[in-house]
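>>> Quick one, fold the following:
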Amino acid sequence: MEIRLAFPNEVDAIMQVMEDAKKCLADAGSDQWQNGYPNADIVIEDIISGQAYVALE
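The predicted structure is shown next:
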């Protein structure tokens, strides 16, 4: 497994993973990540500031 900084061209893929996670959380009865956070703008800000990472197999 490789963990590295995320790139701007990966925002769509990152958001898809996050949307899947939001659904799993909601299905489990959790209200975490259910009110628009995190969103693509926040992910982009995190990428630009060097605070977003991805894990690759």
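
>>> C-alpha from now on. contacts and neighbour counts both.
Will do.

>>> all helices for the protein, in order.
11-27, 40-48 (DSSP state H).

>>> quick one, which of those helices is nearest to residue 1?
Closest to residue 1 of the helices of the chain is helix 11-27 (CA to CA; 16.7 Å).

>>> what comes up buried for that closest one?
By neighbour count on 16 or more other CA atoms under 10 Å, the buried set for helix 11-27 is 11, 14, 18-19, 22.

>>> returning to what we had before: okay, the helices of the chain in a markdown table with distance to residue 2 and mean pLDDT next?
Shown next, in a markdown table, are the helices of the chain (distance: least, CA to CA, whole Å; pLDDT from 0 to 100):
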| stretch | distance to residue 2 | mean pLDDT |
| --- | --- | --- |
| helix 11-27 | 15 | 97 |
| helix 40-48 | 17 | 97 |
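
>>> of all the ones you listed, which lies closest to residue 55?
Using CA to CA, the helices of the chain put helix 11-27 closest to residue 55, at 10.4 Å.

>>> can you put the helices of the chain in TSV and add distance to residue 1?
Below are the helices of the chain laid out as TSV (distance: least, CA to CA, whole Å):
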stretch	distance to residue 1
helix 11-27	17
helix 40-48	20
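
>>> between these, which gets nearest to residue 34?
Closest among these, using CA to CA: helix 11-27, at 6.5 Å.

>>> Not counting its own residues, what contacts the closest one?
Residues from elsewhere that reach helix 11-27 (CA atoms under 8 Å, 6 or more residues apart in numbering): 31-34, 39-40, 43-44.
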